[in-house]
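Q: the following comprises the amino acid sequence and a computationally predicted model.
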Amino acid sequence: MRAFQHHLAVAAATAAAFLILVSPALARVNVVEIMTDDETAASLAYMGNVNTLLGGDGTTFDQAIDSFPLCCPSRTTNLTGQYAHNHGVIHNAPPFGGFTRLNGSNTLPVWLQAAGYRTMHVGRYLNGYEAKYGIPQGWSDWVGLPHSTAFNYFAWKAFDHGVVKDYPDAAHPGEYLTDFETRKGVELIDDASKGDKPFYLALWYTAPHRGTPRDPDDPAKPGTPSPAPRHRDAFAGVRMPRPPSFNERNMYDKPQVVADRPRLSPELEAGVEENWRQENESLMAVDEGVAQLVEALRRNGQLDNTMIVFLSDNGFMHGEHRALAEKVLPYEESIRVPLVLRGPGVPRGRIDHRLVGNVDVTSTILDATDVAPGLVQDGRSLLELLADPGAEWGRDILIENGRGANGVPAYRGIRNYRFLYVEHRTTGEIELYDLQKDPYELQSVDGRAPYGRIQHDLHLRLKGLVHCAGVDCLARPHLTLIVRSGGRPVHGCFSKNLRIQVRGSKRAHLLDADVRIGRRRVERLLNIPTARGERGGPVTLSGLVKRSQIRTHGRFRLRVLAETEDGRKLTLDRMLRRCA
């Protein structure tokens with residue numbers, strides 16, 4: 001009898017183990033990446049489904065920076081997880097850019113496919129891609145748009161699983177391009193959900209990029225997209241926001257490539273606004289598509305096990321600093337992009353104000369899928385950041401424009417919390433904007449005495465970033481956290497008040513620092529004058545945390561959030577314990 005009971009117990013344990021192994025909670029995470037083309041961060045406000053179905057059940061990053069605000073370099077960063085100076089695609093066209101410039105044998109879909117994922121692509125790809133090049137490596141399913149036919153919203157071709165087809169087809173007469181892209185994405189989700197492999201779907205919409213055909217209300221300039229008939233004139237009564245930088249009156253502080261531009265005429269101003277309206281109208285079909293994709297995942301029981309990433313390849317300018325309709329330039333409207341995550345490990349209903357980059361998206365997908373990259377990653381998984389709401393990484397985001405693209409000469413720059421610093425390589429001109437005081441970038445402060453030390457530090461850091469790779473791209477300020485109790489360093493437990501110090505090197509000039517225990521700020525660290533009053537030496541911030549302020553028992557984390565003069569934020573942590 002006992003032997004029989006033993007066999008039953010073993011069988012039950014085995015069955016339980018099997019159920020755990022096949023439990024959906026432990027299934028490998030799917031990924032659906034939705035990328036738009038030339039969408040601004042501001043336009044996200046008009047996309048109800050993205051905000052509700054993705055942002056409401058996920059996290060929206062409102063300071064997401066695109067490191068190279070141009071289609072092909074940015075999309076290649078998405079495929080590699082690297083800055084453009086590492087992946088080598090620094091233009092939209094040969095010899096320095098385009099599809100043929102990328103080594104397609106070592107990209108995100110290749111890594112995912114090798115790890116057992118079904119990899120599926122629908123829509124736009126890299127500039128210069130044509131069907132003659134075949135299906136790029138790493139893709140299990142391919143419905144790619146040849147670049148030469150990707151921008152007609154009512155008549156296009158698709159390289160559909162190895163066959164070039166004209167669309168709309170007889171089965172879907174009058175179909176709109178964005179609706180086609182959504183339909184193909186939904187069909188692939190339905191099919192992949194029946195299989196036993198996790199899947200990755202890259203759905204790269206053409207909208208809101210300018211395209212054909214011309215509509216009766218199109219301005220002479222600039223070019224516009226062509227919205228779906230059901231959405232035409234939906235924004236006819238909406239006024240385009242005009243920030244102080246719109247058609248900027250005085251641009252003597254700007255580099256020559258910008259300052260030489262004439263002010264926009266009333267006709268061009270009206271054209272910019274019409275383009276803005278049509279872009280938002282074209283995004284309405286994308287927004288509807290997002291709802292259909294979410295419903296397809298829900299219908300197939302995959303929604304809770306799928307990470308959805310929504311982003312744009314770059315931002316876009318609408319008259320700011322006299323830019324008619326552009327990207328590439330290093331200003332906020334061009335480098336800021338929408339970025340929304342939804343899925344396992346992503347907090348729900350959160351607006352995250354921390355500085356992140358498009359270079360982080362690939363690392364995030366790899367982290368979610370537990371797949372190893374074939375290239376050194378220049379970014380960092382956003383899941384790490386989301387798991388720790390108070391953390392700050394302390395890095396700068398590099399802004400690049402390779403050898404010069406779209407008529408904008410080559411530049412390199414840094415964007416952090418407070419500053420945009422840009423060095424123009426062909427003219428030697430420099431731009432420096434204090435975004436805290438000048439969020440619209442109306443007046444460069446380069447060369448001004450109060451910013452001299454900051455500009456010097458940014459210059460030195462940029463020198464290190466322009467050739468960085470991997471961890472060097474994540475460089476943090478040189479700060480040290482020192483915790484003492486009773487005049488002695490704390491190694492085990494402590495029984496007296498805590499003296500907290502943060503020390504910075506000559507290249508990490510401290511501004512201030514807050515000490516936190518849990519969610520409470522318990523102290524603001526103040527500056528101790530440098531020894532002998534020497535300027536440019538190390539700085540120490542110091543403060544006292546009384547033992548009575550520490551209400552927790554057992555081990556706890558003491559966190560210091562430090563900010564440097566040159567615009568970086570960094571958290572320093574110590575695990576401590578009160579003595580009994």
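A: That came in fine, so what should we check first?
Q: distance of residue 271 relative to residue 224?
A: Going from residue 271 to residue 224 by C-beta to C-beta, to the nearest Å gives 9 Å. (Glycine included, C-beta is placed from N, CA and C.)
Q: so between those two, which is more surrounded?
A: Set residue 271 next to residue 224 and count neighbours by other C-beta atoms under 10 Å: residue 224 wins out with 26 against 22.
Q: for the more buried one, give its distance to residue 273.
A: 11 Å.
Q: please apply the same query to residue 74.
A: To residue 273, residue 74 is 26 Å away according to C-beta to C-beta.
Q: now do residue 510
A: Distance from residue 510 to residue 273, by C-beta to C-beta: 45 Å.
Q: how about residue 39?
A: Taken as C-beta to C-beta, the span from residue 39 to residue 273 is 17 Å.
Q: which one's more surrounded, these two?
A: Taking neighbours as other C-beta under 10 Å, residue 39 and residue 273 compare with residue 39 leading, 28 against 19.
Q: does residue 312 touch residue 338 like I think?
A: Yes - counting by C-beta atoms under 8 Å, residue 338 is a contact partner of residue 312 at 5.5 Å.
Q: who touches both of those two?
A: Shared contacts of residue 312 and residue 338 (C-beta atoms under 8 Å, 6 or more residues apart in numbering): 36, 39-41.
Q: among those residues, who's most crowded?
A: Per-residue neighbour counts (other C-beta under 10 Å) across the shared contacts of residue 312 and residue 338 peak at residue 36, which has 31 neighbours.
Q: spatially, what comes nearest to that residue if we skip its sequence neighbours?
A: Setting aside the residues directly before and after it, residue 36 is nearest to residue 312 in space (C-beta to C-beta, 6 or more residues apart in numbering), at 4.6 Å.
Q: now swap in residue 176 and tell me
A: The shortest distance from residue 176 to any non-neighbouring residue, by C-beta to C-beta, 6+ apart, is to residue 228 (4.5 Å).
Q: for the one you found, what are its contacts?
A: Applying C-beta under 8 Å, 6+ apart to residue 228 gives the contacts 153, 176, 178-179, 281-282, 284-285.
Q: state the distance from it to residue 273.
A: 20 Å.
Q: what segments of the stretch 151-300 of the chain are strands?
A: Per DSSP state E, counting those that start in this stretch, the stretch 151-300 of the chain carries strands over the ranges 156-160, 163-167, 199-204.
Q: distance between stretch 141-156 and the chain's centre?
A: 25 Å (C-alpha atoms, centre = their mean, to the nearest Å).
Q: buried stuff in that stretch?
A: For stretch 141-156, a neighbour-count test (16 or more other C-beta atoms under 10 Å) marks 141-147, 149-154, 156 as buried.
Q: could you work out the most separated pair of those residues?
A: Greatest spatial distance among the buried residues of stretch 141-156 (C-beta to C-beta): 141 and 154, at 24.8 Å.
Q: after the helix or strand residue 308 falls within, next one along is what?
A: According to DSSP states H and E, residue 308 maps onto strand 306-312. Downstream of strand 306-312, the next assigned helix or strand under DSSP H and E is helix 332-335.
Q: could you point out which element follows that following helix?
A: Following helix 332-335 in sequence, per DSSP H and E, is strand 339-342.
Q: off-centre distance for that following strand?
A: Distance of strand 339-342 from its chain centroid, counting by C-alpha atoms, centre = their mean, is 9 Å.
Q: once you drop chain neighbours, what's closest to the residue most central in space within the chain?
A: Central residue of the chain (C-alpha atoms, centre = their mean): residue 358, 3.2 Å from the mean position. Leaving out its chain neighbours, the residue that sits closest to residue 358 by C-beta to C-beta, 6+ apart is residue 66, at 4.8 Å.
Q: ok, residue 87 - contacts?
A: Going by C-beta under 8 Å, 6+ apart, residue 87 touches 73, 76-77, 79-80, 102, 375.
Q: what's the answer for residue 507, then?
A: 457, 460-461, 477-478.
Q: what's the PyMOL syntax to select whichever of those are buried?
A: Applying 16+ other C-beta under 10 Å to the contacts of residue 507 leaves a buried subset, and the PyMOL line that selects it is:
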select buried, resi 457+461+477
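Q: kindly check the end-to-end length of stretch 40-53 for me.
A: End-to-end distance of stretch 40-53 (C-alpha to C-alpha, to the nearest Å): 19 Å.
Q: I should have written stretch 372-384 there, sorry.
A: 16 Å.
Q: just the residues contacting that stretch, thanks.
A: 61, 80-83, 86-87, 106-108, 110-111, 115, 341, 345-346, 356-357, 359-364, 366-368, 391, 393, 468-470, 473-474.
Q: please pick the buried ones from the residues you listed.
A: With burial judged by 16+ other C-beta under 10 Å, the buried subset of the contacts of stretch 372-384 is 61, 80-83, 86-87, 106-108, 110-111, 115, 341, 345-346, 356-357, 359-364, 366-368, 391, 393, 468, 473.
Q: sorry, back to before: just give me the closest of the shared contacts of residue 312 and residue 338 to residue 321.
A: Of the shared contacts of residue 312 and residue 338, the one sitting nearest to residue 321 (C-beta to C-beta) turns out to be residue 40, at 14.6 Å.
Q: which one of residue 312 and residue 338 is surrounded by more residues?
A: More crowded of residue 312 and residue 338, by other C-beta under 10 Å: residue 312, with 27 against 23.
Q: residue contacts, that one?
A: Residue 312 neighbours (C-beta under 8 Å, 6+ apart): 35-41, 66, 337-338.
Q: let's see 6 Å
A: The neighbours of residue 312, taking C-beta atoms under 6 Å, 6 or more residues apart in numbering as the test, are 36, 39, 337-338.
Q: what's the average pLDDT for the longest helix along the chain?
A: When the chain is parsed with DSSP state H, its longest helix is helix 266-299. On average, the pLDDT along helix 266-299 is 98.
Q: in that helix, what counts as buried?
A: Buried residues in helix 266-299, counting neighbours by 16+ other C-beta under 10 Å, are found at 268-269, 271-294, 296-297.
Q: just for this structure, where's the confidence low?
A: Under the criterion pLDDT under 70, the flagged ranges of the chain are 1-26, 506, 528-538.
Q: quick one: the helices in it?
A: Counting by DSSP H, the helices of the chain are 2-22, 48-49, 71-80, 84-87, 108-114, 177-192, 256-259, 266-299, 332-335, 361-369, 382-386, 452-465.
Q: against residue 246, how distant is the nearest residue to residue 236 once chain neighbours are set aside?
A: Excluding its sequence neighbours, the residue lying closest to residue 236 (C-beta to C-beta, 6+ apart) is residue 277, at 6.8 Å. When distance is defined by C-beta to C-beta, residue 277 is 15 Å away from residue 246.
Q: ditto for residue 162
A: From residue 162 across to residue 246, the span is 47 Å (C-beta to C-beta).
Q: quick one, which of the two is more surrounded?
A: Neighbour tally, residue 162 and residue 246, criterion other C-beta under 10 Å: the higher count belongs to residue 246, 22 against 9.
Q: list the buried ones in stretch 335-353?
A: Residues 335-343, 345-346, 350, 352 are the ones in stretch 335-353 that count as buried (16+ other C-beta under 10 Å).
Q: quick check: the two most widely separated of these?
A: Largest separation among these by C-beta to C-beta: 335 and 345, giving 26.8 Å.
Q: give me the neighbour count for residue 334.
A: When neighbours are defined as other C-beta under 10 Å, residue 334 has 25 of them.
Q: distance check, it against residue 471.
A: According to C-beta to C-beta, residue 334 and residue 471 sit 28 Å apart.
Q: residue 257 too?
A: Remark: distance between residue 257 and residue 471 (C-beta to C-beta) = 34 Å.
Q: so between those two, which is more surrounded?
A: residue 257 (17 against 11).
Q: OK, contacts around residue 414?
A: 396, 421, 458, 462.
Q: now residue 72
A: For residue 72, the contact set (C-beta under 6 Å, 6+ apart) comprises 89, 92, 97, 126-127.
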